[in-house]
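> turn this into a structure:
(4 chains)
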Number of protein chains: 4
Amino acid sequence: MRTIKVTIWNEFIHERKDPEVAAIYPNGIHKTIADGLIPYGFQLRTATFDQPEHGLTEEVLKHTDVLIWWGHLAHEKVADEIVERVYERVLDGMGLIVLHSGHFSKIFKMLMGTSCDLKWRETEEKEILWVVDPAHPIAEGIGQYIEIPQEEMYGEFFDIPAPDQLVFISSFEGGEVFRSGCAFHRRLGKIFYFQPGHERHPIYYQKEVIRVIANAIRWAASPHGAEPFFGHFKTDI
Amino acid sequence: MRTIKVTIWNEFIHERKDPEVAAIYPNGIHKTIADGLIPYGFQLRTATFDQPEHGLTEEVLKHTDVLIWWGHLAHEKVADEIVERVYERVLDGMGLIVLHSGHFSKIFKMLMGTSCDLKWRETEEKEILWVVDPAHPIAEGIGQYIEIPQEEMYGEFFDIPAPDQLVFISSFEGGEVFRSGCAFHRRLGKIFYFQPGHERHPIYYQKEVIRVIANAIRWAASPHGAEPFFGHFKTDI
Amino acid sequence: MRTIKVTIWNEFIHERKDPEVAAIYPNGIHKTIADGLIPYGFQLRTATFDQPEHGLTEEVLKHTDVLIWWGHLAHEKVADEIVERVYERVLDGMGLIVLHSGHFSKIFKMLMGTSCDLKWRETEEKEILWVVDPAHPIAEGIGQYIEIPQEEMYGEFFDIPAPDQLVFISSFEGGEVFRSGCAFHRRLGKIFYFQPGHERHPIYYQKEVIRVIANAIRWAASPHGAEPFFGHFKTDI
Amino acid sequence: MRTIKVTIWNEFIHERKDPEVAAIYPNGIHKTIADGLIPYGFQLRTATFDQPEHGLTEEVLKHTDVLIWWGHLAHEKVADEIVERVYERVLDGMGLIVLHSGHFSKIFKMLMGTSCDLKWRETEEKEILWVVDPAHPIAEGIGQYIEIPQEEMYGEFFDIPAPDQLVFISSFEGGEVFRSGCAFHRRLGKIFYFQPGHERHPIYYQKEVIRVIANAIRWAASPHGAEPFFGHFKTDI
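Presented below is the predicted three-dimensional model:
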């Protein structure tokens, strides 16, 4: 089986300006995710906002099977041209895993067609992610649930289209719920939104969280069909 | 607009053998639901387990647009013949609203094709039902959520097919979540599963709970298409 | 029951520059659809591309429960500001029915998040639309299928998200198929894409086609839940 | 990667009593499918109706990752005990691929909860299966469509729940359409219904048809999550 090529994109801003975040992720969220993924045998690469073309050149995307996206402060500063490039690659079959505050990224909103808005609250709350589609490969190796000791609350209504497959639903201590693991097909591309990962908690060091990301990478990199023909069609059938 | 004919079926056993339940529902859960629904202008009828044919004669079902189902202790004692009769009527276009412990009724399991099993815990826990599909007519007149002060916990994994439309997700104080408002189409019939309503709490006196049931009745009684033709088809097209 | 307010938008260009189309729709497609809908008791209004603000002023949209959209030649000339206005109204609960070549309108592509591209062929082909969700209110009063004697072929792959509810699938004489009746929920809004209606065939004079549009209007105007709260949420639960 | 264990079940009756069918499938449909699958590297086994326990002993099912089901004449003669055994294995994670007239098997009807009825016509008609979810792994290696020169017509309405993922839609020469590739999750199990394969046409010798079955095997054997806990749940969270 060919090796899956993964690019982990992180805006990498919080970690450089906020000492508390830097203490948790001294080399950036992308580096911690990459370290966590090492045992899974992917070919790993990272890219960040500050790099030329945000590190997402034609060349890089061409060699990316699955792109992971963590962003927050710089959503609006990501160049439209790069967003368009990623968008075309997703429709053309590249997998996309959007993490946490990436729900508000240009690329996710563009692909969803909705605002992707939600409720939130930054307090120290326990989150429990419950598996609601145990047949799904993204649930492999996870038990009934994943517990995250402290996470930012994300609550419904989450303004997305109903996911094609809903894999996780979370509860938060305040009583809110959230569709925290959402799978979508868009043309040839597979997209997974996964909620955990506030920058002020060491969530990407948690093995089950990384396990879900690894599962999602495999799912998003799984085969797809032929590129569709569009336009004037002179039947030869 | 024609008046919607509703039959509220209740096994009516808890209320007659358990003084605590009798104190809450002296005339039975069916009567309380019927009283709550009066303002909505439906034509209301009730039926119970002890009646001949469980009160669900051919005649009654023929004049029922939407059937509400509350059962618990007597699931296995409901006659297969009556279950089959209800099943055929649902596929033929009658709406069906399954409440609370009705998840384990023969009719619901038969229509779902799965075990409909779940986790449960009988303690006094607050439940919050969050609207996750605010475009759905079943969410009309409800705010962001419904709070139920004390309810039995029902938790995921709930062994049903992914609902065609997921309207409510609940959280419980213990941290569990549950897909508590689930809409399904089956042939000509519309089915809504609604989780609230443990017999030991006065939940069917809560206005929002009745409002959801009334909304679900209207949705389940909304028009459907023609009876499908099955079998050998000599095209005339 | 309150009267549903419908605005029928048509770019109204083909009918004024192409004598063949003018012969079929002398007063425009919008007028023929409006005439067909008269028996259904809606409050009807039309709007066209050439009017100020394309006829879709804040005032008009405010008093529109369901907007019907027919466009083709001028998709790219529709002002972004008006598209944005319609978009916000849809997310805020206005129904939207997109007809035929409207699949390529800015508003539909924006709401879908995909290219909405497809195969097509302009020959005189019979189309048959088969009901595949007979429980759906949009199928009311239609038999097993609708036959359209001559229609432009639209074929799969149709680059949309999987519809929340698939009501019609079409076949064409050349052997192609098409998801021709697709229902979507987006935040508070209901959207229906309905494929029939090439400008060179008198399709909007066909009673069953109008019947589906009338059904879709009622469905799209059916109640929805409360406007969601987004943003920082200080629980009071 | 571990080898996927596939059991191909065929009632194997047509082939032994109808010379025309025997001429096409001298060793049975199961043998032809097995031969076709050899290049894919699965561990293959067959089972037929006439064997003790229909060839589906506890031992066989325990060592089956994916079960393929072809039946027609003997649906009602399949022992309920064996159907129940297969049913439990599917909910417990075994994949199930139901072919052609298997739509009316006890196991498929039980899992769907509906009649699984449809329209049919036995004439020599061309079928074209169009890919409508090209992101799905089951569409791998197939172009825009598969053409089957002669097939029995199966037409809508097909009385199943809306599939969780719709991969193929077919057209037939008579103008009918059919949801011919339907994917479902049920608890831990993945189910794929695939329409082609009338016994009087050499359809299982067609490479694309076998390719879809092979793809479906891989999809149905892909990982799943943990066995859910059901029943009384004393939270330790």
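> what residues does chain A put near chain B?
Neighbours of chain B within chain A, by Cβ under 8 Å from any Cβ of the partner chain: A:126, A:128, A:130-134, A:144, A:155-158, A:162, A:165-166, A:169-173, A:175-177, A:179. Bear in mind the C-beta positions are built from the backbone N, C-alpha and C, glycine included.
> buried ones among the residues you listed?
With burial judged by 16 or more other Cβ atoms under 10 Å in any protein chain shown, the buried subset of the residues of chain A next to chain B is A:128, A:130-134, A:144, A:155-158, A:162, A:165-166, A:169-173, A:175-177, A:179.
> give me the subset of those residues that also touch chain D.
Restricting those to those within reach of chain D (Cβ under 8 Å from any Cβ) leaves A:128, A:131, A:133-134, A:144, A:165.
> using JSON lines, please lay out these together with distance to residue C:79.
Below are those laid out as JSON lines (distance: Cβ to Cβ, whole Å):
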{"residue": "A:128", "distance to residue C:79": "47"}
{"residue": "A:131", "distance to residue C:79": "46"}
{"residue": "A:133", "distance to residue C:79": "42"}
{"residue": "A:134", "distance to residue C:79": "48"}
{"residue": "A:144", "distance to residue C:79": "52"}
{"residue": "A:165", "distance to residue C:79": "37"}
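> coming back round to it: near chain C, list only the ones from the residues of chain A next to chain B.
A:155, A:157, A:162, A:175-176.
> check which helices and strands the longest helix seen in chain A sits against.
Longest helix of chain A, by residue count under DSSP state H: helix A:207-220. In terms of contacts (3 or more Cβ pairs under 8 Å, 6 or more residues apart in numbering or on different chains; DSSP states H and E), helix A:207-220 is packed against helix A:29-37, strand A:66-70, strand A:95-99, strand A:145-155, strand A:189-194.
> all strands of chain A, in order?
Counting by DSSP state E, one finds strands in chain A at the ranges A:5-10, A:43-48, A:66-70, A:95-99, A:119-131, A:145-155, A:165-172, A:177-186, A:189-194, A:231-232.
> without its sequence neighbours, what residue ends up closest to residue A:217?
Nearest residue to residue A:217, sequence neighbours excluded (Cβ to Cβ, 6 or more residues apart in numbering or on different chains): residue A:66, at 4.8 Å.
> related to what we said a few turns ago, closest one to chain C out of the ones next to chain D among the buried ones among the residues of chain A next to chain B, please.
residue A:165 (10.2 Å; Cβ to the nearest Cβ).
> measure that closest one to residue A:136 for me?
Using Cβ to Cβ, to the nearest Å, residue A:165 is found at 6 Å from residue A:136.
> so what's the most centrally placed residue in chain A up against?
The residue lying closest to the centre of chain A (Cα atoms, centre = their mean) is residue A:98, at 2.0 Å. Applying Cβ atoms under 8 Å, 6 or more residues apart in numbering or on different chains to residue A:98 gives the contacts A:69, A:105, A:107-108, A:191-194.
> what parts of chain A come near chain C?
A:91, A:110-115, A:117-121, A:153, A:155, A:157, A:159, A:161-162, A:164, A:174-176, A:184-187, A:228-235, A:237.
> any of those buried? List them.
Counted by 16+ other Cβ under 10 Å, the residues of chain A next to chain C give A:91, A:110-115, A:117-121, A:153, A:155, A:157, A:159, A:161-162, A:164, A:174-176, A:184-187, A:228, A:230, A:233, A:235 as buried.
> just send the strands of chain A back as JSON lines, with mean pLDDT and distance to residue D:53 too.
Formatted as JSON lines, the strands of chain A follow (pLDDT from 0 to 100; distance: least, Cβ to Cβ, whole Å):
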{"stretch": "strand A:5-10", "mean pLDDT": "98", "distance to residue D:53": "46"}
{"stretch": "strand A:43-48", "mean pLDDT": "98", "distance to residue D:53": "47"}
{"stretch": "strand A:66-70", "mean pLDDT": "98", "distance to residue D:53": "44"}
{"stretch": "strand A:95-99", "mean pLDDT": "98", "distance to residue D:53": "43"}
{"stretch": "strand A:119-131", "mean pLDDT": "94", "distance to residue D:53": "33"}
{"stretch": "strand A:145-155", "mean pLDDT": "97", "distance to residue D:53": "38"}
{"stretch": "strand A:165-172", "mean pLDDT": "98", "distance to residue D:53": "35"}
{"stretch": "strand A:177-186", "mean pLDDT": "98", "distance to residue D:53": "38"}
{"stretch": "strand A:189-194", "mean pLDDT": "98", "distance to residue D:53": "40"}
{"stretch": "strand A:231-232", "mean pLDDT": "94", "distance to residue D:53": "54"}
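> what bridges to residue A:193?
When assigned by DSSP bridges, residue A:193 has beta-bridge partners residue A:98, residue A:182.
> about what we covered before: from residue A:168, how far out is the residue nearest to residue A:217?
With Cβ to Cβ as the criterion, residue A:66 and residue A:168 are 19 Å apart.
> higher neighbour count, those two?
Each of residue A:66 and residue A:168 has its neighbours counted (other Cβ atoms under 10 Å in any protein chain shown); residue A:168 has more, 29 against 24.
> no further queries at this time; thank you.
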